[in-house]
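Engineer: Got a predicted model here, sequence first, then my questions.
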Amino acid sequence: MKKIVFAVAVLCIAVAIVLVFALRPASGPVLRVEPAGERDIVLEYGQTYEEAGAEAVAWEGLSKDRIVPVETEGTVDAQKVGTYMVRYRARYKDSVGTAYRRVRVVDTQAPVIQLSGGQDQYIRPGEPFVEEGYSAADNYDGDITAQVQVKQTDDAVIYTVTDSSGNVSVATRRLLPADTVAPVVTLKGDKRVVLAWGDGYPEPGFTAVDNCEGDVTSRVKVSGSVSIYRPGTYTLTYSVADAFGNVGSATREVVVKEWEPAPEGEANGNGKVIYLTFDDGPGPHTDRLLDILKAHDVKATFFVVDTKYISTVKRAAEEGHAVGIHTATHVFKDIYASEEAYFADLEQIRKQVETYTGTSPVLMRFPGGSSNTISKSNKGIMTRLAALVEEKGYTYFDWNVDSKDAGGATTPEEVLSNVIEGVGNKSHSVVLMHDIKSYTVDAVEWIIRWGKSCGYTFAVLTPDGPTCHHVINN
Ligand SMILES: [Zn+2]
C-alpha cells in the first residue's frame, strides 16, 4: 500500500517537473503586437473604414521595451457586406508577433416598399381587388421588387420583402368598402309646378346630401329649361354625383298652361291696336308666316325688297295684308347717295309689287328708318326724302316697338318678350320685325295669342290711319 502511495507521489512530482519545464519562459526576445482601438469592429455598409494600425513592443530579459515596426495585411471593403480579418505582424530578431482585428461590414437598413395608388383602396362589393402596382428598393440590393411577397386577406393586401442581409419590410394596403350610396337630392317647393302662360318661373330651390361627403348642394346640376310662352310640360332634372360616381337625382315637372282667353268684353278689344310689320322680305319663311297669320285671321303689313321670293307679295295682297315698299336693293350707300338714286331704286320695287299685286303701293318705309344716321354723308337727305315721298303720294312709316330681331334677339322667346315689353301700354304699336328670320316667324303665333288674350286688335297700316314717325336726324 505504501508502495502505491509512493509511486503516485513520484508520478505527480515528475508531471510537475515536466510542466515547469514546458511553461518556462522562452529564451530570446518577447514580442507583443496590439491592434489600436477595438479588435472587433462592426461597420454599417457605406461607412468608411479607417485603418487604425497596431503597435508592437519587444523586450528581452530585463531590457527596456522596444517599439518595433508592424506590417498590416488584409483590406476592408466597406462597400461590400462581409467579415474581414486584418493581420498585424511584427518581427524582432528571431521572434515573430501576430495579432488580428475582425471587421464586419453589415447592412441593417430595411428595404422600402412603395405602393402605387396609395395605402387605401376602395372596392365595391363583389368587385375584385385590382393591384395598382408596387415597388421595393433596398439601400444595398437595389431594386428587389421581384422578391416582394404579396398576400391578400379579407381587408388588406400585405407586401413583404427581405433584403440579402435579412432585413424585412412590410407594407399594408387597406381594402375599404366603396361607397355605393348615392347622394339624396331634395326639392324645395312642389314637384309639379303649374304656371299660367307667360308667368315667370322662379326656381324654388333644392338641397343635396351625400352619406360620405355631406352637403353637396353646390354641385347639383339642373338640366332642362322652361319656356314660359310655350304651353307644355317641362321636366327639370336635378342631379349630383359623389366621389364614387353614385348619382342622385330628382325631377320637377313644370307645366305651362295654355293662355287664358281674355274675359268677355276685353276680348272684344281693349281699344289698343298692334300693327305687325315685316321688313326685308319676302324670304323663305314668308309663306309659313302667311299660313300663321291666316290661321289666326290676323292681317299684317309688309315692307318688301326685291328678293327672289318677290312673287309672294301676290299671296300676301290676296289674303288682305298691306304690301308696302322698302327699296329694291336696301344698299344704304347707293340708295342714300342722292334723291335720284333713291327714287330710281324705289321705282324698281314699286313696279315689281304692282306687277304681282295689280296695285301700285302707297305705303313705304325707309331702310334704317327715317331717323337713320347711316345716310349722314349726304347731309340732309332724309329730311328731303321724307318730304319728297309724301309729295309723290307715299305714306312712310317708322316703328315704335322694336322686336330687336335684326340685332340682339335670336330666339322666338326673345322676340316675343321684346314685343310684349315694347307694346306695354301703347294705344298704337307699330312693331318692327323681319320675316327673313325664322325665329321671328316662330314668335308670331305667340305674339298673336298673347295680343288677343290681352284684348289687342291686330290691323294693317293705312295711309289714313295713325302715323308713326321718328325724329329725323339727317
Ligand atoms: Zn330693312
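Structural biologist: Structure received. Just so it is clear, the structure is predicted and the values come from calculations on it, not from any experiment.
Engineer: near the ion, which residues of the stretch 101-250 of the chain show up?
Structural biologist: On the criterion CB under 5 Å from the ion, the ion has no neighbours in the stretch 101-250 of the chain. No exception for glycine: its C-beta is placed from N, CA and C like everyone else's.
Engineer: Taking the stretch 101-250 of the chain, what residue is nearest to the ion?
Structural biologist: Residue nearest to the ion within the stretch 101-250 of the chain (CB to the ion): Tyr229, separated by 25.8 Å.
Engineer: For that residue, grab the count of nearby residues.
Structural biologist: By other CB atoms under 10 Å, the residues close to Tyr229 number 20.
Engineer: In this structure it contacts Glu414, no?
Structural biologist: No - if you go by CB atoms under 8 Å, Tyr229 and Glu414 don't touch, sitting 10.4 Å apart.
Engineer: pLDDT score assigned to the residue of the stretch 101-250 of the chain closest to the ion?
Structural biologist: For Tyr229, the model assigns a pLDDT of 75.
Engineer: residues in contact with it?
Structural biologist: Going by CB atoms under 8 Å, 6 or more residues apart in numbering, Tyr229 touches 197-198, 256, 412-413, 416-417, 446, 450.
Engineer: Let me know the closest of those to Val157.
Structural biologist: Val256 (57.3 Å; CB to CB).
Engineer: Output the set of residues of the stretch 351-474 of the chain in proximity to the ion.
Structural biologist: By the rule CB under 5 Å from the ion, the part of the stretch 351-474 of the chain lying against the ion is Pro367.
Engineer: contacting residues for Asp210?
Structural biologist: Neighbouring residues of Asp210 by CB under 8 Å, 6+ apart: 181-184, 216, 240, 242, 248.
Engineer: So which residues of the stretch 201-350 of the chain form helices?
Structural biologist: 286-295, 312-318, 332-335, 339-357 (DSSP state H, counting those that start in this stretch).
Engineer: TSV for those helices, including mean neighbour count and mean pLDDT?
Structural biologist: Putting the helices of the stretch 201-350 of the chain into TSV (neighbours: other CB atoms under 10 Å; pLDDT from 0 to 100) gives the following:
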stretch	mean neighbour count	mean pLDDT
helix 286-295	18	97
helix 312-318	20	97
helix 332-335	16	95
helix 339-357	17	97
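Engineer: Tabulate these in TSV, adding columns for distance to Tyr45.
Structural biologist: Formatted as TSV, the helices of the stretch 201-350 of the chain follow (distance: least, CB to CB, whole Å):
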stretch	distance to Tyr45
helix 286-295	90
helix 312-318	97
helix 332-335	91
helix 339-357	100
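Engineer: Leaving out chain neighbours, which residue sits closest to whichever residue of the stretch 251-400 of the chain sits closest to the ion?
Structural biologist: Across the stretch 251-400 of the chain, the shortest distance to the ion (CB to the ion) belongs to Asp279, at 4.1 Å. Nearest non-adjacent residue to Asp279, counting by CB to CB, 6 or more residues apart in numbering: Phe303, 4.7 Å away.
Engineer: List the residues that contact Thr355.
Structural biologist: Neighbours of Thr355 in contact, by CB under 8 Å, 6+ apart: none.
Engineer: Sorry, slip of the keys, the one I care about is Arg288.
Structural biologist: Val441.
Engineer: Pull up the gap between it and Asp464, please.
Structural biologist: Between Arg288 and Asp464 the distance, using CB to CB, to the nearest Å, works out to 31 Å.
Engineer: As TSV, the contacts of Asp210 with neighbour count would be great.
Structural biologist: What follows is the contacts of Asp210, written out as TSV (neighbours: other CB atoms under 10 Å):
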residue	neighbour count
Val181	12
Ala182	19
Pro183	24
Val184	15
Val216	20
Val240	24
Asp242	20
Gly248	20
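Engineer: pLDDT check: weakest of the residues you listed?
Structural biologist: Minimum pLDDT across the contacts of Asp210 falls on Val181, with 87.
Engineer: burial measure for the residue nearest to that one when sequence neighbours are not counted, as a count.
Structural biologist: For Val181, ignoring the flanking residues on the chain, the nearest one in space by CB to CB, 6+ apart is Asn211 at 4.5 Å. Asn211 has 13 neighbouring residues, counting by other CB under 10 Å.
Engineer: between the helices of the stretch 201-350 of the chain, which one is nearest to Leu388?
Structural biologist: The minimum distance between Leu388 and these falls on helix 339-357, with 6.3 Å, by CB to CB.
Engineer: what distance separates that closest one from the centre of its chain?
Structural biologist: 57 Å (CA atoms, centre = their mean, to the nearest Å).
Engineer: before we move on, what about stretch 417-425?
Structural biologist: The answer for stretch 417-425 is 39 Å, by CA atoms, centre = their mean.
Engineer: average pLDDT for that stretch?
Structural biologist: Averaged over stretch 417-425, pLDDT sits at 91.
Engineer: ok, residues contacting it?
Structural biologist: Contacts of stretch 417-425 (CB under 8 Å, 6+ apart): 198, 229, 272, 274, 400-405, 408-409, 429, 431, 433, 443, 447, 450-451, 456.
Engineer: Narrow the residues you listed to those in strands?
Structural biologist: Members of the contacts of stretch 417-425 lying in strands (criterion: DSSP state E): 274, 401-402, 429, 431, 433.
Engineer: buried set for stretch 47-58?
Structural biologist: Buried residues in stretch 47-58, counted by 16 or more other CB atoms under 10 Å: 49, 54, 56-58.
Engineer: taking the residues you listed one by one, which sit in strands?
Structural biologist: Residues of the buried residues of stretch 47-58 located in strands (DSSP E): 54, 56-58.
Engineer: min pLDDT across those residues, which one?
Structural biologist: Ala58 (90).
Engineer: next one: phi and psi at the closest residue to that one other than its chain neighbours?
Structural biologist: Nearest-residue entry for Ala58: Tyr92, 3.9 Å, with adjacent residues in sequence omitted and distances by CB to CB, 6+ apart. Dihedral angles of Tyr92 (phi, psi; degrees, to the nearest 10) stand at phi -150, psi 120.
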